Structure formats: C-alpha cells, structure tokens
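Participant: just to be clear, the model below is a prediction. Sequence and coordinates:
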Amino acid sequence: MITLIALIIAIIGAVNWLAIGIFGFNLVTWITFGSEIAARIIYVLVGVAGAWLIYFIIRKKGRVDEHFPQDKRERVQE
C-alpha cells in the first residue's frame, strides 16, 4: 500500500515538473497559495516517495511483478 501511495505522490511530482517545464506554472505554489512552508512539505513528501520507490526497486532487484497472479505470469512468459 505504501508503494502505491509513493507512486501516486511521485506521479504528482512529475506532473508538477511537466507543468513547470512546458508552461512555467508551478502547481505546488498554486495549490499552497504561495505558502513556502506548505510547499516545502509537499516537496519533501515527493522526495521521500521517490526515495521509497528507489528502495523498493533495489529491494525487489528490479522485479516488481510479485503481486501479479502466478497463472497470468506463466501466460505472459510463454
């Protein structure tokens, strides 16, 4: 469950960077109404989510399909 939450937060962070890169619009600043403290909290959450996902990938040795049902894994591998 924590990995799914981390993935969602990381995707939101990526969308923010996309908005900054394409439009020059910082979604986090807009959401927090310019509050620097709230923006920092969001940036820290995105960073922690990214660190968790790195840890998750290393821990799983690149295999993230363990929750995929065994019968479907066998069909995909054939």
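Facilitator: Received the coordinates, thanks. Residues are numbered from 1 along each chain as shown.

Participant: in this structure, which helix or strand is least confident?
Facilitator: Ranked by mean pLDDT, DSSP states H and E, the helix or strand of the chain with the weakest confidence is helix 70-77, at a mean of 57.

Participant: next one: residue 30 from residue 42, what distance?
Facilitator: 11 Å (CB to CB, to the nearest Å). (Glycine included, C-beta is placed from N, CA and C.)

Participant: show me the contacts for the residue most central in space within the chain.
Facilitator: What sits nearest the mean C-alpha location of the chain, by CA atoms, centre = their mean, is residue 10, with 2.0 Å. If you count contacts by CB atoms under 8 Å, 6 or more residues apart in numbering, residue 10 has them with 46, 49-50, 53.

Participant: can you say which helix or strand has it in it?
Facilitator: Element membership for residue 10 (DSSP states H and E) is helix 2-23.

Participant: of all the residues in the very next helix or strand once past that helix, which ones are buried?
Facilitator: For helix 2-23, the following helix or strand on the C-terminal side (DSSP H and E) is helix 27-31. Buried residues in helix 27-31, defined by neighbour count with 16 or more other CB atoms under 10 Å: 27-29.

Participant: and which of the residues you listed is nearest residue 6?
Facilitator: Of all the buried residues of helix 27-31, residue 6 sits closest to residue 28, with 17.2 Å by CB to CB.
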